[in-house]
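Visitor: sharing a model prediction with you, sequence too.
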Amino acid sequence: MLILEGFSILPELRVPVFILSLVVYSVILAGNLTLLFAIVFHRQLHTPMYTLLSNMIICDLIGSTALMPRLMYGVMTEVKQISIYACVIQAFCIHSYGSATQLILTVMAIDRYFAICNPLRYHAIMTTKTTVKLCLLAWGVAFVLLFILFFLTLRLPRCRSLIVHVYCFNGSLYLLSCVDTTVNNMYGLFVTYFLSTVSFSAIAFTYTKILITCLFKTENNSKSKAIHTCSTHLSVYFLFEITALFSIIALRFPNVSPNAIKAMGTLMVVLPPVANPIIYGLNTKEIRNIFTKCIKNRIFNR
């Protein structure tokens, strides 16, 4: 058995923290599942952009569900023990959330590039078959990279049992070993660098091209629609990258308090799944229209 330290919470604050965690998790589930059901059950949303969005929603649900129930259980029961199998599953799910999200966001940028820079050929290029292949490729690349990552970690003998964090992740697992972990560290850095570089390079290239295209568009309506769609995607991308960056930086500074490090790590998994349905719900006209129509039908059909 391993010991998952979790947050240091005063006894009188346990119930408020549990209630806050429950509310946050409920918001995540309600927002993401509502958006996912809207995409699945409304044919007008069966387009490449919304197919990719549904994959991102699945990423958010995987990450938040891997973290929140265990976090709430630990807060209320003060049970810190966790089996190695449960720890590995949690770590794999949280890493899958981060890796797949970056790759899905990359594919979404490519989709926006073809939609705005090559609109006449967009439907010929981004067919349903192509979209599904790109989604499978994103999940497949993430799975292969993480399979190797955790294979390298699980081969190490363990001589420690304390994980000084709120949840399990690859770094916390290989630090339980007393042997040389240089290979694990180098491969982990490679995975982080590869995913970040691919994501940033693709988004920087596509949005530079999109910006240039928008500057030369004569139709104000088309220009504003393109900018509005891209700003939504970029907001989601920067929210994910900024929370991840703060989490990584916090781990590198020994003077940062353990609770602050844990809070940053938790924020990286919780904040994007909370904010993404709000960002897409408010900024996407098709989704707003569907929700408005549903609300009107509910009110006038009573």
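Guide: Nice, thanks for sending it over.

Visitor: just say helix, strand or coil for P16.
Guide: With DSSP: H, G, I helix; E, B strand; the rest coil as the basis, P16 sits in helix.

Visitor: tell me where the stretch 1-150 of the chain has strands.
Guide: Listed in chain order, the strands of the stretch 1-150 of the chain (DSSP state E, counting those that start in this stretch) span 2-4, 81-82.

Visitor: so what's the residue nearest to G63 when sequence neighbours are not counted up against?
Guide: Spatial nearest neighbour of G63, excluding adjacent residues (Cβ to Cβ, 6 or more residues apart in numbering): Y97 at 2.9 Å. Glycine gets a C-beta too; all of them are placed from N, C-alpha and C. Listed by Cβ atoms under 8 Å, 6 or more residues apart in numbering, the contact partners of Y97 are C59, D60, I62, G63, S64, A66, V269.

Visitor: in stretch 188-197, what's buried?
Guide: By 16 or more other Cβ atoms under 10 Å, the buried positions in stretch 188-197 come out as G188, V191, L195.

Visitor: can you pull out the helices in the stretch 201-302 of the chain?
Guide: With DSSP state H, counting those that start in this stretch as the criterion, the stretch 201-302 of the chain has helices at 220-252, 258-283, 285-300.

Visitor: and the second one, how far out from the chain's middle?
Guide: I take that to be helix 258-283. 9 Å (Cα atoms, centre = their mean, to the nearest Å).

Visitor: counting contacts, what elements does it pack onto?
Guide: Judged by 3 or more Cβ pairs under 8 Å, 6 or more residues apart in numbering; DSSP states H and E, helix 258-283 is in contact with helix 14-41, helix 48-77, helix 84-117, helix 220-252, helix 285-300.

Visitor: got the angle between that helix and helix 48-77?
Guide: For helix 258-283 and helix 48-77, the angle between their directions (axes from the mean of the first three to the mean of the last three Cα atoms, to 10 degrees) works out to 140 degrees.

Visitor: now D180: phi and psi?
Guide: phi -60, psi 130 (degrees, to the nearest 10).

Visitor: shouldn't K262 be in contact with F7?
Guide: Yes. Contact status for K262 versus F7: in contact at 5.9 Å, counting by Cβ atoms under 8 Å.

Visitor: and those two? which has more neighbours close in?
Guide: Remark: of K262 and F7, K262 carries more neighbours, 20 against 17, as counted by other Cβ atoms under 10 Å.

Visitor: hmm, which helix or strand of the chain has the shakiest average pLDDT?
Guide: helix 285-300 (a mean of 67; mean pLDDT, DSSP states H and E).

Visitor: which of the contacts of Y97 count as buried?
Guide: Among those, those classed as buried by neighbour count (16+ other Cβ under 10 Å) are C59, D60, I62, G63, S64, A66, V269.

Visitor: L20 versus H42, what's the distance?
Guide: Separation of H42 from L20 (Cβ to Cβ, to the nearest Å): 33 Å.

Visitor: related to what we said a few turns ago, looking at the helices and strands packed on helix 258-283, which is nearest to C135?
Guide: helix 48-77 (5.1 Å; Cβ to Cβ).

Visitor: mind listing what's buried in the closest one?
Guide: Applying 16+ other Cβ under 10 Å to helix 48-77 flags 48-68, 70-72, 74-75 as buried.

Visitor: show me what it packs onto, helices and strands only.
Guide: So helix 48-77, by 3+ Cβ pairs under 8 Å, 6+ apart, packs with helix 14-41, helix 84-117, helix 128-154, helix 258-283.
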